[in-house]
Each structure stands twice: as C-alpha cells, then as structure tokens.
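# any chance you can model this:
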Amino acid sequence: MIVTMERLATEEQIQAVVTNVAETENSTELIRGIERTVIGVVGDNINEDLKSRLEALPGVEAVVRITRSYKLGSREFHPTDTVVNVKGVKIGGGNAPVVMAGPCSVESEEQLMATANAVKAAGAAVLRGGAFKPRTTPYSFRGLKEEGLKLLRVASDETGLPVITELMSESDVELVAKYSDILQIGTRNAQNFMLLDAVGELNKPVLLKRGMANSYDDWLNAAEYILAAGNRNVILCERGIRTFETYTRNTLDIAAIPVIHRLSHLPVVADPSHGTGRWHMVLPMGVASIAAGADG
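Below you'll find the predicted structure:
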C-alpha cells in the first residue's frame, strides 16, 4: 500500500500515519521526495479498513493498494530511482553507466592482475571475476574458490576497483561476502529462494541476474525476496534468455531494460558477454543496452 502525503504535510502528520500502521502490525518505509513524502506500507494485515483509516488522517492526499505480487521493488512503492553506492561507484538513478569487466574465471595472480589493470585503464569502474564457477558439465574447471577470492581482493586493493563475484551456495555466503563488494546471483540460482533470503540478510549490494527462462514478474519477485529480507541494495542484470535461436548463446532481451525501469525503481544493467556468447557482439550489444537505458 502507498500513502502519498500532501505537499505541505507536517512531520507530526507523517508520524501519525506511521503510528497508525504500526498499530496494525504492518511496517512502513518513508520515501522523502523534494516536494512530498510517500509512505510505503508492507505487511500481512493490509485491508480496506486500514486504507479507510489512513485516508481519514490529516495531511494524507491519497492511499493506493499495490496489486502486483512484488511490492518493495515496484515503482508504485518507490517512485524515485534507487541508487546503489559501491565504494563511491554509484549505480542507477541517472548516474553515468558503470562498466564491470574482468576475467570469466580467476585462474592465476598474473592473469588477474594483467586483466584488472587493463580494464581499469579502459575505464571500467568495477572488477568482476569468477572464483566459484557454475558449469554445464561437472568436468569443466569450476574455479579456485577461496584462493580465487583472495586474489580478487588483492587486485581490488591494488587497483582501487570494487569487486563483484558470483555466489552459488548458502554455505558460502559469509566467505564470499568477506572478500567481495557486490554479491552476484547467477541465472541458475535466480530462483534459489533460500539463497536469496540469505543475501537479503546482509548489508551488501547484490546483483541478481535474470533466470534464463524467467518472465519479468518472475525476475522481480525473485528480487522481492532479497528486498523483503531487509537488503535494499539490489541491482538487476539482464543476461539473455533461452530462445529457439542457436547462433548466439542466449538472446539478450534489450526490451527488458525500459520495461523493468517502468515497473521497478531498481538499477538495471546488461551483460552482453553471456547474453550473446560472441566477443564481436559485446560492443554493439553493450551500446544498444546503454541506448535502451541500462545503468551499466
């Protein structure tokens, strides 16, 4: 439920709404804009009685119930864009698009440092690298694990670039969070709800990739798990979906970028590497994503 306060509503009137909501065992989130305050109401006891009760309070301009299955991530709940700040790198909210680059897998210190210095020189703002790698076949290299995380931390400290790396298991949450500045949830874990709950309990940015067969609602409801657990620093990543086309590894759904920006306040970035699987398409698809409004 969204409570929009009048432009000249006093702090006392705003607190009266918060108090009334608390009495019904629901919670509130205040979103203070330039001209007015919007109060988001979340909980299991939202009904027409509460709506009528809030509408009658002084200073309240309108009360609207959110009918979407996702609440906290909806544009109705939070009209202004969320900006995720990662060690001074601002993602979303109209800030300059952020480039995240680095090796698919961390293989050695020499390989990682050479790549980290190269991507920094090229203008990247975040270093990415895989220490835990989900593979289609169990016989492929699956990462250096903690040793890879340590190397990423060293590279971050030497270059000043924040680090993003993928988290695959609940059992590794504390370990990966110790070394990484952004936790990445990959496409195969996009609806691993126990893992989403776990990262939601952390005060650390999370990049949630779209599941390869997820609808927009599926994707936003997955993000809702993280938000509902308390972590509001969520970045959404369009990384391509499975279609009948086989020339590219996946089909990068560029239309998802403006659609999600319309439905949600969360930052949206694109992954043209996994989205196409072809190096020569990374630049044109990256540019196309930025043109569509991607935050990185």
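
# and the residue most central in space within the chain, what does it touch?
Most central in the chain under Cα atoms, centre = their mean is I235, positioned 1.8 Å from the mean C-alpha point. By Cβ atoms under 8 Å, 6 or more residues apart in numbering, the residues touching I235 are 84, 91-92, 182, 205-208, 266-269, 295. C-beta coordinates here come from the backbone N, C-alpha and C atoms, glycine included.

# where does the prediction get shaky in the stretch 51-200 of the chain?
135-136, 139-141 (pLDDT under 70).

# doesn't L54 belong to a helix?
Yes: assigned with DSSP: H, G, I helix; E, B strand; the rest coil, L54 falls within a helix.

# how many residues are close by it?
A count of nearby residues for L54, using other Cβ atoms under 10 Å, gives 20.

# any idea how far L72 is from it?
From L54 across to L72, the span is 19 Å (Cβ to Cβ, to the nearest Å).

# and if you look at L149?
Where L72 is concerned, L149 sits at a distance of 30 Å (Cβ to Cβ).

# what does N221 give?
As for N221, its distance to L72 is 11 Å (criterion: Cβ to Cβ).

# those two: which is more packed in?
Shown here are N221 and L72; by other Cβ under 10 Å, L72 has more neighbours (22 against 18).

# return the residues in contact with that one.
Contact analysis of L72 by Cβ under 8 Å, 6+ apart lists 29, 40, 42, 78, 224, 227-228, 232.

# repeat for I260
216, 219-220, 236, 238, 266, 268.

# okay, now the domains of the protein?
Listed domain ranges for the chain are 2-64, 84-291 (source: automatic domain parsing).

# single out the most deeply packed of those.
Mean neighbour count (mean count of other Cβ atoms under 10 Å) peaks for domain 84-291 among these, with a mean of 18.

# tell me how far it is from the chain's mean position?
Taking Cα atoms, centre = their mean, to the nearest Å, one finds domain 84-291 lying 9 Å from the centre of the chain it belongs to.

# show me where the stretch 101-250 of the chain has strands.
Applying DSSP state E, counting those that start in this stretch to the stretch 101-250 of the chain gives strands spanning 126-128, 163-166, 182-185, 206-209, 234-238.

# ok, the third one: who's next to it in the sheet?
The reference is to strand 182-185. Here strand 182-185 is paired, per DSSP bridges, with strand 163-166 (parallel), strand 206-209 (parallel).

# helices of this structure, start to end?
Counting by DSSP state H, the segments of the chain that form helices are 11-22, 48-55, 109-121, 146-159, 173-179, 193-200, 216-228, 256-263, 272-276, 282-291.

# would you turn those into CSV with distance to T67?
Output for these, formatted as CSV (distance: least, Cβ to Cβ, whole Å):
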stretch, distance to T67
helix 11-22, 19
helix 48-55, 13
helix 109-121, 43
helix 146-159, 42
helix 173-179, 33
helix 193-200, 22
helix 216-228, 12
helix 256-263, 13
helix 272-276, 31
helix 282-291, 30
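
# which one of these lies closest to I2?
helix 48-55 (10.3 Å; Cβ to Cβ).

# report the angle between the closest one and helix 11-22.
Counting by axes from the mean of the first three to the mean of the last three Cα atoms, to 10 degrees, helix 48-55 points 170 degrees away from the direction of helix 11-22.

# tell me what helix 48-55 is packed against?
Helix 48-55 sits against helix 11-22, strand 60-64, with contacts defined as 3 or more Cβ pairs under 8 Å, 6 or more residues apart in numbering; DSSP states H and E.

# ok, which of these comes nearest H280?
Per Cβ to Cβ, nearest to H280 of these: strand 60-64, 47.5 Å.

# distance of D44 from P258?
D44 sits 33 Å away from P258, going by Cβ to Cβ.

# I meant to write R128 there.
For R128 relative to P258 (Cβ to Cβ), the value is 24 Å.

# cool, G43 as well?
As judged by Cβ to Cβ, G43 and P258 stand 31 Å apart.

# and for E147?
Separation of E147 from P258 (Cβ to Cβ): 41 Å.

# just I91 next, same as before
17 Å.

# do N85 as well
Going from N85 to P258 by Cβ to Cβ gives 24 Å.

# likewise V287?
For V287, the distance to P258 - Cβ to Cβ - is 15 Å.

# do N233 as well
The gap separating N233 from P258 is 22 Å, by Cβ to Cβ.
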